[in-house]
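Asks: Fold the following for me, if possible:
(4 chains)
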There are 2 protein chains.
Amino acid sequence: MTPTRRDRLLVHLTADLVILTIRAGVLHVLLVERGTVPFLGRWALPGGFLRGAETLDGTAVRELREETGLDAERFHLEQVGVYSAPDRDPRDQRIVTCSYLAIAPDLPVPTAGSDARAAVWRPVDELLDDPEGLAFDHGRILRDAVDQARAKLQFTTIATSFCPPEFTVSELREVFEAVWGVSLDRPNFHRKVTDAEGFLAPTGRRRASAGGRPAALFRAGSATALMPPMLRPPGGSGR
Amino acid sequence: MTPTRRDRLLVHLTADLVILTIRAGVLHVLLVERGTVPFLGRWALPGGFLRGAETLDGTAVRELREETGLDAERFHLEQVGVYSAPDRDPRDQRIVTCSYLAIAPDLPVPTAGSDARAAVWRPVDELLDDPEGLAFDHGRILRDAVDQARAKLQFTTIATSFCPPEFTVSELREVFEAVWGVSLDRPNFHRKVTDAEGFLAPTGRRRASAGGRPAALFRAGSATALMPPMLRPPGGSGR
DNA sequence: GCAAAAGTGTTTTAGCTACACCCATGT
DNA sequence: ACATGGGTGTAGCTAAAACACTTTTGC
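Replies: Predicted coordinates for the structure are as follows:
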């Protein structure tokens, strides 16, 4: 019963990324086409192996930069879970994956990664309806990450991570509506987010309007918890 | 820039457990005395290495059973985070740890693990004030897990995991008071938890009373989300 | 002026807080 | 009877929902 050194399995570790963004009011995730077996040619979450000198968070940041071609500073990035079933990779090699939820504003160059692989934004809802559509157990990993994003939107300030550095209240409302698949009352939403301490920081500037009163521009505030929480209304697409 | 197989670091994986319970109204965590270098003789979180045929969740369940001597069925168990800094183990070996939050009722045999190591319940608050008191980065791991437990108490039904299979409303209230370090209004708490859909399931039975009206006994309900949430009042010990 | 989008006010409702009060049991 | 803890009622306050209304821009 005493453990010996032989009991210590050696494994490869990967950081796989669920990079979410909102395009045209719909929640999208970044997928890459696999260039090697197994699952050659199938769509998968981007990710990569832990290397010698880095932490796993560092692996995630590096992959994020390689896949999107942009600074990782602009992204919210957090761990979601560890996937370690022995049969999750069809080769018998033992590969354990830690998944990361990354939240990005709508990117100017959304699909061109710095490496050669094809990358594409896909609507999340289609993928959640088809769990076998992705390589490995990435359907499950995607679902877990999206669930976490939907839940955390209520109690944390991660919604601002979907927005560019400066944004309007309406743009922020569209984030909640897209992620939850609901529609929210515009006036009440405005009051609630502007009243929440530390959620939004006014810039004093206004957005040039295309017909209509110009909207005030905000930056993300310093708070990480959203108090009082923005409770998700019943109904909607997710959950 | 193309990754080669040599970039794939091989690591050992451990599941380390933050086992929380409430004893005499105070939040406690289970610690074990280390029997080997490094940190020989120091207090640490229980944990163990991933073995060949199991998942990491399986490792956590196995360790939980070995440390507490009880069935893992009665515990809430969830992943918290992955700790992968290259220097977190003083030997240069690369050991990556996934931490688990386990929530247990006050155990009849709290300290006797099935293996030879000394185990002890320690109040959480003392340990959080002294981050160097534990081996490795276990002070940090403990803090992250306790923060997660304190936050999730608001929005999920994990509080019932601190209670025995059948429990009274007052026992449940003492859980919230101990974890948050606050005191809650007894009548309002009663209404709130009994009104929350799926939180408590009445058994019809009553607890034999030691002076006073016998309290109704409940079991944990089927819901995992607590709606409406039990918002943590300002003040208290944690956070 | 008119359309469009932003932002504010107002009424109603629901939930929460504080605390008084009643209930059921042991001694 | 009375002490002890369990449970309910209620008045006042605060937050949220629903929706009417005003403001500021482009055309």
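Asks: Can you name the residues that contact A:Leu101?
Replies: A:Leu101 sits next to A:Val18, A:Leu20, A:His76, A:Leu77, A:Glu78, A:Gln79, A:Val80, A:Ala145, A:Gln148, A:Ala149 when contact means C-beta atoms under 8 Å, 6 or more residues apart in numbering or on different chains. All C-beta atoms are positioned from the backbone trio N, CA, C, and that covers glycine.
Asks: Give the helix, strand or coil label for it.
Replies: Here A:Leu101 is recorded as strand under DSSP: H, G, I helix; E, B strand; the rest coil.
Asks: Look up the closest residue to it, ignoring the ones flanking it.
Replies: Nearest residue to A:Leu101 in three dimensions, chain neighbours excluded: A:Ala145, at 4.6 Å (C-beta to C-beta, 6 or more residues apart in numbering or on different chains).
Asks: ok, the one you found - contacts?
Replies: Neighbours of A:Ala145 in contact, by C-beta under 8 Å, 6+ apart: A:Val18, A:Leu20, A:Val80, A:Ser99, A:Tyr100, A:Leu101.
Asks: so which of these comes closest to chain B?
Replies: Closest to chain B out of those is A:Val80 (8.8 Å), distances taken as C-beta to the nearest C-beta.
Asks: Wasn't that closest one part of a strand?
Replies: Yes: A:Val80: assigned to a strand according to three-state DSSP.
Asks: how close does it sit to DNA strand C?
Replies: 29 Å (C-beta to the nearest atom of the strand, to the nearest Å).
Asks: and if you look at A:Arg65?
Replies: Distance, A:Arg65 to DNA strand C, by C-beta to the nearest atom of the strand: 32 Å.
Asks: burial of that residue, as a residue count?
Replies: 16 (other C-beta atoms under 10 Å in any protein chain shown).
Asks: cool, and A:Arg122?
Replies: With neighbours defined by other C-beta under 10 Å, the count for A:Arg122 comes to 15.
Asks: just checking, it touches A:Val32?
Replies: No: distance between A:Arg122 and A:Val32: 10.8 Å, which falls outside the contact criterion (C-beta atoms under 8 Å).
Asks: any shared contact partners between these two?
Replies: With C-beta under 8 Å, 6+ apart, A:Arg122 and A:Val32 have common neighbours A:Trp43.
Asks: Which residues of chain A lie near DNA strand D?
Replies: Selection of chain A residues close to DNA strand D by C-beta under 7 Å from any atom of the strand yields A:185, A:187-188, A:192, A:206, A:208-214, A:228, A:231, A:233.
Asks: buried ones in the strand ranked longest in chain A?
Replies: Taking DSSP state E as the criterion, chain A has its longest strand at strand A:10-23. Of the residues in strand A:10-23, A:Val11, A:His12, A:Leu13, A:Thr14, A:Ala15, A:Asp16, A:Leu17, A:Val18, A:Ile19, A:Leu20, A:Thr21, A:Ile22 count as buried by neighbour count, 16 or more other C-beta atoms under 10 Å in any protein chain shown.
Asks: so A:Gly204 sits in a helix?
Replies: No: A:Gly204: not assigned to a helix; according to three-state DSSP it is strand.
Asks: Tell me, how many residues neighbour it?
Replies: 7.
Asks: Show me where chain A has its helices.
Replies: Using DSSP state H, the helices found in chain A span residues A:56-68, A:124-128, A:138-155, A:169-180, A:186-195.
Asks: quick one: the longest one to strand A:10-23, angle?
Replies: Using axes from the mean of the first three to the mean of the last three C-alpha atoms, to 10 degrees, one finds that helix A:138-155 and strand A:10-23 are set 60 degrees apart in direction.
Asks: Would you map out the domains in chain A?
Replies: A:5-153, A:157-220 (automatic domain parsing).
Asks: So which residues on chain A come close to DNA strand C?
Replies: So far as C-beta under 7 Å from any atom of the strand goes, chain A lies against DNA strand C at A:168-170, A:186-188, A:190-191, A:194, A:206, A:209-216.
Asks: Which among those residues count as buried?
Replies: Buried residues within those, counting neighbours by 16+ other C-beta under 10 Å: A:Thr168, A:Val169, A:His190, A:Ala215, A:Ala216.
Asks: so how far is A:Gly236 from the residue lying closest to the last one once chain neighbours are set aside?
Replies: Pointing back at A:Ala216 there. Sequence neighbours aside, A:Arg206 is the residue nearest to A:Ala216 in space, at 5.7 Å (criterion: C-beta to C-beta, 6+ apart). Distance from A:Arg206 to A:Gly236, counting by C-beta to C-beta, to the nearest Å: 31 Å.
Asks: just A:Arg42 next, same as before
Replies: Distance from A:Arg42 to A:Gly236, by C-beta to C-beta: 30 Å.
Asks: now A:Leu50
Replies: For A:Leu50 relative to A:Gly236 (C-beta to C-beta), the value is 37 Å.
Asks: before we move on, what about A:Leu10?
Replies: Per C-beta to C-beta, A:Leu10 is found 44 Å from A:Gly236.
Asks: what about the nearest residue to A:Arg91 once chain neighbours are set aside, how many neighbours?
Replies: On the basis of C-beta to C-beta, 6+ apart, the spatially nearest residue to A:Arg91 that is not a chain neighbour turns out to be A:Pro38, at 6.4 Å. Neighbours of A:Pro38 under the rule other C-beta under 10 Å: 11.
Asks: Is it correct that A:Pro38 is in contact with A:Gln93?
Replies: No: checked against C-beta under 8 Å, the pair A:Pro38 and A:Gln93 is beyond contact range at 10.5 Å.
Asks: Contact partners for the residue lying closest to A:Thr68 once chain neighbours are set aside?
Replies: Of all residues not flanking A:Thr68 in the chain, A:Leu107 sits nearest, at 6.2 Å (C-beta to C-beta, 6+ apart). By C-beta under 8 Å, 6+ apart, the residues touching A:Leu107 are A:Thr21, A:Thr68, A:Leu70.
Asks: Isn't the first one up against A:Pro123?
Replies: No: contact status for A:Thr21 versus A:Pro123: not in contact, 11.0 Å apart, counting by C-beta under 8 Å.
Asks: Give me the common contacts of those two.
Replies: A:Leu27, A:His28.
Asks: any idea how far DNA strand D is from the nearest residue to A:Glu54 once chain neighbours are set aside?
Replies: Nearest residue to A:Glu54 in three dimensions, chain neighbours excluded: A:Arg62, at 7.2 Å (C-beta to C-beta, 6+ apart). The gap separating A:Arg62 from DNA strand D is 40 Å, by C-beta to the nearest atom of the strand.
Asks: Could you tell me how many residues sit around A:Arg62?
Replies: Neighbours around A:Arg62, by other C-beta under 10 Å: 15.
Asks: just A:Gly236 next, same as before
Replies: A:Gly236: 14 neighbours (other C-beta under 10 Å).
Asks: Name all residues that make contact with it.
Replies: Contacts of A:Gly236 (C-beta under 8 Å, 6+ apart): A:Trp180, A:Gly181, A:Val182.
Asks: For the residues you listed, which single residue is the most surrounded?
Replies: Compared across those, A:Trp180 has the highest neighbour count, 22 neighbours, by other C-beta under 10 Å.
Asks: where's the closest residue to it other than its chain neighbours relative to A:Ala145, distance?
Replies: Nearest non-adjacent residue to A:Trp180, counting by C-beta to C-beta, 6+ apart: A:Gly236, 4.7 Å away. From A:Gly236 over to A:Ala145 the distance is 18 Å, taken as C-beta to C-beta.
Asks: can you count the residues close to the nearest residue in space to A:Glu174 that is not next to it in sequence?
Replies: Leaving aside its sequence neighbours, A:Glu174 sits nearest to A:Gly25 (C-beta to C-beta, 6+ apart; 6.0 Å). When neighbours are counted by other C-beta under 10 Å, A:Gly25 registers 9.
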